[in-house]
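Sequence first, then the predicted structure, then my questions.
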Amino acid sequence: EAQVTQNPRYLITVTGKKLTVTCSQNMNHEYMSWYRQDPGLGLRQIYYSMNVEVTDKGDVPEGYKVSRKEKRNFPLILESPSPNQTSLYFCALGGSRGNEQFFGPGTRLTVL
Amino acid sequence: QKEVEQNSGPLSVPEGAIASLNCTYSDRGSQSFFWYRQYSGKSPELIMFIYSNGDKEDGRFTAQLNKASQYVSLLIRDSQPSDSATYLCAVNGDYGQNFVFGPGTRLSVLP
């Protein structure tokens, strides 16, 4: 069974302090993506990756970076977090066509 | 900008009734359509996906797709209190294109 691990699960930080949220999978899925979920706005895709070294912007990429140096890991990097990045973040991985996304447990981030 | 719209609800139905959830999308190039269920504080989980016009049934769930009207729906028969959750509609184009989710419809099944 596909498993997605996110760390940390909860994080409180301050404005401007760089942070990384890790995402790793135990399967060989090519497609991975990051979402943020905010009340009233739903799930919005930040970045996605179709394979190693292949990444592309989703709908809300500003203020975020990603990397895909190996298939199993897809970290989300906030170089200089701001309070408007306070949100619930989900990593997801997809099936062979990038469909049927399977979501990780989520990371609740608060930026003070 | 691709958009996916859903009524936010809450939609309240009595136990045993049929719950009907609706979704419209703006991009005519969308190829794949999904329904996810999300319990409060949990991650979304896939219920159904549909690619072709018509109906697709899986147990108590039926997804309906009408590409001409850019409309996809989810019917839940014999609704149970455990079905109370937020239901998210999502669409995407061909492989490699980004997913777009609707804001979700909150369903409440009353015992």
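Structure received.

what sits up against the helix or strand of chain B with the lowest mean pLDDT?
Among the helices and strands of chain B, strand B:100-101 carries the lowest confidence by mean pLDDT, DSSP states H and E, at a mean of 89. Strand B:100-101 has contacts (Cβ atoms under 8 Å, 6 or more residues apart in numbering or on different chains) with A:35, A:42-45, A:59, B:2-4, B:25, B:27, B:36, B:88-92. (Each C-beta comes from the backbone N, C-alpha and C, glycine too.)

strand partners of it, parallel vs antiparallel please.
Strand pairing for strand B:100-101, determined by DSSP bridges: strand B:85-92 (antiparallel).

And the strands in chain B?
Along chain B, counting by DSSP state E, strands occupy B:4-5, B:11-14, B:19-25, B:32-38, B:45-50, B:54-58, B:61-66, B:71-76, B:85-92, B:100-101, B:105-110.

Can you give me the buried ones in the second one?
Within strand B:11-14, the residues that qualify as buried are B:11, B:13, counting by 16 or more other Cβ atoms under 10 Å in any protein chain shown.

That strand pairs with which strands, and in what direction?
strand B:105-110 (parallel).

Same question for the fourth one.
According to DSSP bridges, the neighbouring strands of strand B:32-38, each with its direction, are strand B:45-50 (antiparallel), strand B:85-92 (antiparallel).

what's in contact with that strand?
Residues contacting strand B:32-38 (Cβ under 8 Å, 6+ apart): A:97, A:99-101, B:21, B:23, B:25, B:44-51, B:61, B:63, B:65, B:72, B:74, B:83, B:85-93, B:101, B:104.

Not counting its neighbours along the chain, what's nearest residue A:5?
residue A:24 (5.0 Å; Cβ to Cβ, 6 or more residues apart in numbering or on different chains).

Surely that neighbour and residue A:72 touch.
Yes - between residue A:24 and residue A:72 there is a contact under Cβ atoms under 8 Å: 5.3 Å.

export the strands of chain B to a markdown table and tack on distance to residue A:12?
Shown next, in a markdown table, are the strands of chain B (distance: least, Cβ to Cβ, whole Å):
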| stretch | distance to residue A:12 |
| --- | --- |
| strand B:4-5 | 32 |
| strand B:11-14 | 35 |
| strand B:19-25 | 35 |
| strand B:32-38 | 24 |
| strand B:45-50 | 27 |
| strand B:54-58 | 41 |
| strand B:61-66 | 38 |
| strand B:71-76 | 37 |
| strand B:85-92 | 25 |
| strand B:100-101 | 26 |
| strand B:105-110 | 28 |
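
Run through the bridge partners of the closest residue to residue B:75 other than its chain neighbours.
Spatial nearest neighbour of residue B:75, chain neighbours left out: residue B:62 (4.4 Å); criterion: Cβ to Cβ, 6+ apart. Beta-bridge pairing of residue B:62 under DSSP bridges involves residue B:57, residue B:75.
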